[in-house]
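Engineer: Could you work out the structure for the sequence below:
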Amino acid sequence: MRRPVVPWGGRGTEAATSRAEPTSDTEPTSDTESTSGTEPPSEWQHGTRNLHVYAAAGAAVLVAVFAAARGAGAWSTESVGADRFYSILALLMLLTAAFGATFWWPAGSGGRRPSPSPPSRTPRVRYVETAGRGGTEIGGRRPVFGLLLAMVLCGTFLSLGAAVEIVVGNEGLPLVALVLALVAAVCLTFLVEVALGRIRAGSLVLGPDGIRLRGWFVESYLPWVSVRGLRAVDRGFPEIWIEGHGSAAWARRRTSRVFPFERLPAEPRIEVDSRHLAVDPVQLYRFLEFYVEHPRRRRELGTPAAAERLAEGPPFTADDE
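Structural biologist: Numbers count the residues shown, from 1 in each chain. Okay, the predicted model is just below:
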């Protein structure tokens, strides 16, 4: 029996083992209907309109305006605690609206594109070394993750400050103060998890050996020899599934035991949420598709050639093969 592939080690890592694996000569396939090298996969071409996200962002802005009006005297000499908390609430609601708008838009799946068309995001790519081997890393969207941290920080100040004010101004320990203190504790725990590196902005690393996804709360790895194919999925946003064989040497783990927000699939599969990565979803799909269909080209991963190929954008071709 082959030993499980565990690229990170430590407790909490799960790996699937196999008695036999497909050889590297096996050509993976794509489950998505074939399209041109610059068009979105057929699953994404109908477009997606997340009206509930726009409505929530608009509601957050209205609450922010109301709270800002109530807390307008926060910076005056006669200000009271309520003014300060309304000001923090206004900032929190504005950050919430900004996070929602940035996280969900542009989705990159809004129907067929004019040809040629610019990508919705400029890819952020660099060389990294993982487990002694080089890889091409597509970075996470740091502005989005920064907005999330700012939201949690504002929530911490708002809930903790309100809890202290209620305790100071009342006899005993009101229940609402306990609830607010609990919310503050959750927010502080989240910030500690970020400081410890258990929650990160995430990245996708492609190397000659395999694919590693570092999500916000999970990690997952599939060697190229275990990759069965690629699938485009519309879940209200473009998502890419890198599917492995049933006997794949698949390693995965949760990096945060406190916040299990990202799911780990039950089958060998890496689920790439396009909202987390600083790259156009269609550009990323075609980039992955290229290396799934051209195994000999995987040796360039971790070199400037791979970064240049991604920066140039689709269609990706291998003229010398």
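
Engineer: now the strands for the protein?
Structural biologist: 13-15, 29-30, 125-130, 133-139, 203-206, 210-214, 218-223, 227-234, 238-244, 251-254, 269-273 (DSSP state E).

Engineer: and these as a markdown table, adding mean neighbour count, distance to residue 96 and mean pLDDT?
Structural biologist: Quick note: C-beta positions are derived from backbone N, CA and C, even for glycine. Shown next, in a markdown table, are these (neighbours: other Cβ atoms under 10 Å; distance: least, Cβ to Cβ, whole Å; pLDDT from 0 to 100):
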| stretch | mean neighbour count | distance to residue 96 | mean pLDDT |
| --- | --- | --- | --- |
| strand 13-15 | 15 | 34 | 41 |
| strand 29-30 | 14 | 37 | 54 |
| strand 125-130 | 15 | 30 | 80 |
| strand 133-139 | 21 | 24 | 89 |
| strand 203-206 | 23 | 25 | 95 |
| strand 210-214 | 24 | 25 | 95 |
| strand 218-223 | 23 | 24 | 95 |
| strand 227-234 | 20 | 25 | 93 |
| strand 238-244 | 23 | 23 | 94 |
| strand 251-254 | 21 | 26 | 94 |
| strand 269-273 | 21 | 19 | 95 |
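
Engineer: a markdown table for the ones you listed, including distance to residue 68?
Structural biologist: As requested, the strands of the chain are exported to a markdown table (distance: least, Cβ to Cβ, whole Å):
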| stretch | distance to residue 68 |
| --- | --- |
| strand 13-15 | 47 |
| strand 29-30 | 50 |
| strand 125-130 | 40 |
| strand 133-139 | 34 |
| strand 203-206 | 36 |
| strand 210-214 | 37 |
| strand 218-223 | 37 |
| strand 227-234 | 37 |
| strand 238-244 | 35 |
| strand 251-254 | 39 |
| strand 269-273 | 33 |
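
Engineer: any idea where the helices of the chain begin and end?
Structural biologist: Shown for the chain, the helices assigned by DSSP state H span residues 51-70, 81-104, 142-169, 175-195, 281-293, 304-312.

Engineer: which of the residues in the first one are buried?
Structural biologist: Residues of helix 51-70 classed as buried under the neighbour-count rule (16 or more other Cβ atoms under 10 Å) are 53, 56-57, 60-61, 63-64, 67-68, 70.

Engineer: For that helix, what is the distance to the chain centroid?
Structural biologist: 24 Å (Cα atoms, centre = their mean, to the nearest Å).

Engineer: who's sitting farthest from the centroid in the protein?
Structural biologist: residue 171 (45.1 Å; Cα atoms, centre = their mean).

Engineer: Report the separation between that one and residue 177.
Structural biologist: Relative to residue 177, residue 171 is positioned 12 Å away (criterion: Cβ to Cβ, to the nearest Å).

Engineer: how deep is the nearest residue in space to residue 255 that is not next to it in sequence tucked in, by neighbour count?
Structural biologist: Distance criterion Cβ to Cβ, 6 or more residues apart in numbering; nearest residue to residue 255, sequence neighbours excluded, is residue 198 at 4.8 Å. The tally of other residues near residue 198 (other Cβ atoms under 10 Å) stands at 17.

Engineer: Repeat that for residue 86.
Structural biologist: Using other Cβ under 10 Å, residue 86 has 20 neighbouring residues.

Engineer: what's near enough to touch the closest residue to it other than its chain neighbours?
Structural biologist: In space, and not counting its chain neighbours, residue 86 is closest to residue 71: 2.9 Å by Cβ to Cβ, 6+ apart. If you count contacts by Cβ atoms under 8 Å, 6 or more residues apart in numbering, residue 71 has them with 82-87, 89-90.
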